[in-house]
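Undergrad: Whatever this is, show me its structure:
(2 chains)
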Amino acid sequence: MTTVTHEVLSSAEWAERAPVLRDEGWMLLDLHGVDRLGLTGDEDEQRRFEIVCHMLKRADASRMVVHVGVEGDPPTVASVTRVWGTAGFAERETYDMYGIVFEGHDDLTRILMPDDWEGYPLRKDYDVGKIVIDFKPQPFLQTESPGQAPSFGESHVETDALGQMKRDGDDE
Amino acid sequence: MSKTDPRVGEIVQRIEDEGQGAFVESYDPDDEIMTINMGPVHPATHGVLRLLLELDGETVTDCKPIIGYLHTGMEKECEDQNWRGAVTIVTRMDYLAPFFNEHAYSRAVEKLLGIEVPPRGMYIRMLMSELNRLTSHLVQFGTQGLDMGAMSAMFYGFREREMITDFFEMVTGLRMNHGYIIPGGVWEDLPDGWQEQMDNILEVMPNRLNEYQDLLSENPIFIERTRGVGTITAEECDTFGVTGPIARASGIDWDLRRDMPYEAYDELSFEVPIQEQGDVYARYQVRMAEMVQSVALLEQIVDQMPDGDYKNMDPKLTPPSRSELNRSMEAVIHHFKLVTQGYAVPEGEAYFAVESPRGELGVFVVSDGGTSPYRCHVRDPSFYNLQSLPVMAREGLVADLIACIASLDPIMGGVDR
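TA: The predicted model follows:
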């Protein structure tokens, strides 16, 4: 049976522990964030963010899960990109989704969201639907001429293909 | 880009005119290093992958994958669904291996619930997973051939894939994104006549796999394009968290089905194909051998398919049958609770990983004791495998880079989630 060990570390301990774990033969499989806002037993705001690292040691088929509490504003933790290459993309994703800053990361930029995105989508206080999607203002009646020429839409039943047809309003 | 040098504008113009959509980011005429953009819409990048290439002539000196073009926030969407409904979201991530997404997710939720899956449920899960491994590797086989100029591989690969997706349609009602494996078992039992269809697949596949061997494995042009190209060592695989066929082609003897058995894989006998060279051809060979093993596994699964329940029949988890609803008030209450709220999952967190066609696919779920996931994170193998692309592509030719991407088999739906 697979053995799974759990460790809970502070961000200072994580920076020291990571190279030791690597030398013990642990391979970093995954690193991601969790926002514990509102989870029972974690009312303490200081412990709101944590990163969770999943590790694998093939030699004895065992796994390890390391929880690292991340504190500060913005929440900051040491980067482990020098220890495991895996962390490169993973830390960028965590930064992108939670705004957790990884000190020492060479290229800490948004990875999945657009570069100019504001806010961190996977935070619990970031609501789905908060961003109002503005469609291009396209008035139904385009009244650019005094003759009131309403334009038939691109997908109107009476227009062949996708051409816009302008009609002279005076005719009808 | 220094616009002052008259040579620059001329060269850049010529490349952009002749390069069929190539876009030059920068060019330095003195050391002749050019940064060029490839993708996100490019036939060889398998989806919407964008690569920033630093070229010295035809040689790739550096390569940076830029991702996120298919990001739709699926992990956040899971938090709005109930536990059963989130299956329909995760299945859309790695769209060539939907059963594996559902499988890993369902297993993680079952771990939190602390429930067992009946033997028939486990065997149906394995049946669908191994068939899915075949379809996924067949697409890889086809696209790899296509990228190397062997157009017919694409037709052959998709012909057999069609046969298996027909089986998926027969069982689940859908050809992709099935939502079939759910916490507790599978959604429906196998329909009548599944055995005949499976027998047909098992009769046809071994011969077809031999045909593929004739088509590509001995093809001198294919070998020329792939041998010694895009090499990655076992150490580099470990550093970058690379798993699956890519790691096995570099000599890492590791398969979750054998080494951390889940479902009933420990009751079946199969081999884990290993190659040592770590190049594109080795990865191709590993996948071909894995298909042979999958067919062998399918034969055993069909033979040993047990009878009985296909899902956990706990009334708190599974809606009652129609006939029961007519007879029992309790069943009506259970039905109402399940349909309006879904079931609650005890507080805690769980991680479960399965061996997908691309490597370790893990799902991490956190529950706050409610009826929807508090957090659902998917470790998609493509996401991490893609990180190793610069290692493979460096100091190779641009044409070799195409071979590397094809052999990485990244699924952008899984990378971007």
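
Undergrad: Could you check what's spatially nearest to the residue of chain A found nearest chain B, not counting adjacent residues?
TA: Ranked by CB to the nearest CB, the top residue of chain A for proximity to chain B is residue A:86, at 3.4 Å. Any C-beta I mention is one placed from the backbone N, CA and C, and that applies to glycine too. Sequence neighbours aside, residue B:241 is the residue nearest to residue A:86 in space, at 3.4 Å (criterion: CB to CB, 6 or more residues apart in numbering or on different chains).

Undergrad: Can you mark which positions in stretch B:283-303 are buried?
TA: Of the residues in stretch B:283-303, B:283-302 count as buried by neighbour count, 16 or more other CB atoms under 10 Å in any protein chain shown.

Undergrad: Check stretch A:20-31 too.
TA: For stretch A:20-31, burial by neighbour count (16+ other CB under 10 Å) applies to A:21, A:22, A:26, A:27, A:28, A:29, A:30, A:31.

Undergrad: just the strands in chain A please.
TA: Using DSSP state E, the strands of chain A run over residues A:3-10, A:27-35, A:49-57, A:62-70, A:76-78, A:101-103, A:151-152, A:165-166.

Undergrad: Would you pull up how far stretch B:40-47 lies from the middle of the chain?
TA: Relative to its chain's centre, stretch B:40-47 lies at 17 Å (CA atoms, centre = their mean, to the nearest Å).

Undergrad: Output the set of residues of chain A in proximity to chain B.
TA: Taking CB under 8 Å from any CB of the partner chain as the criterion, chain A approaches chain B at residues A:2, A:27-30, A:32, A:34-35, A:38-40, A:52, A:54, A:56, A:58, A:61, A:63, A:65, A:84-86, A:88-90, A:93, A:97, A:110-114, A:121-122, A:128.

Undergrad: same thing but 7 Å
TA: Residues of chain A lying close to chain B (CB under 7 Å from any CB of the partner chain) are A:2, A:27-30, A:32, A:34, A:39-40, A:52, A:54, A:58, A:61, A:65, A:84-86, A:88-89, A:111-113, A:121-122, A:128.

Undergrad: Buried members of these into PyMOL, please.
TA: The PyMOL selection below is limited to those of those classed as buried (16+ other CB under 10 Å):
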select buried, chain A and resi 27+28+29+30+32+34+39+52+54+65+84+85+86+88+89+111+112+113+121+122
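
Undergrad: give the contact list for residue B:56.
TA: Residue B:56 makes contact with B:32, B:33 under the criterion CB atoms under 7 Å, 6 or more residues apart in numbering or on different chains.

Undergrad: and it, what pLDDT?
TA: Reading off the confidence values, residue B:56 has pLDDT 85.

Undergrad: Please determine how far it is located from chain A.
TA: 22 Å (CB to the nearest CB, to the nearest Å).

Undergrad: Pull up the gap between that residue and residue B:396, please.
TA: Distance, residue B:56 to residue B:396, using CB to CB, to the nearest Å: 12 Å.

Undergrad: and the stretch 151-300 of chain B, which of its residues are near chain A?
TA: So far as CB under 7 Å from any CB goes, the stretch 151-300 of chain B lies against chain A at B:238, B:239, B:240, B:241, B:254, B:259, B:260.

Undergrad: Is whatever residue of the stretch 101-250 of chain B ends up closest to chain A part of a helix or strand, or is it coil?
TA: For the stretch 101-250 of chain B, the residue closest to chain A is residue B:241, as judged by CB to the nearest CB, at 3.4 Å. Classification of residue B:241 using DSSP: H, G, I helix; E, B strand; the rest coil returns coil.

Undergrad: Could you point out which of the strands of chain A sits nearest residue B:336?
TA: Closest to residue B:336 of the strands of chain A, according to CB to CB: strand A:27-35, at 32.6 Å.

Undergrad: Give the pairing partners of the closest one; include direction for each.
TA: In the sheet, strand A:27-35 lines up against strand A:49-57 (antiparallel) (DSSP bridges).
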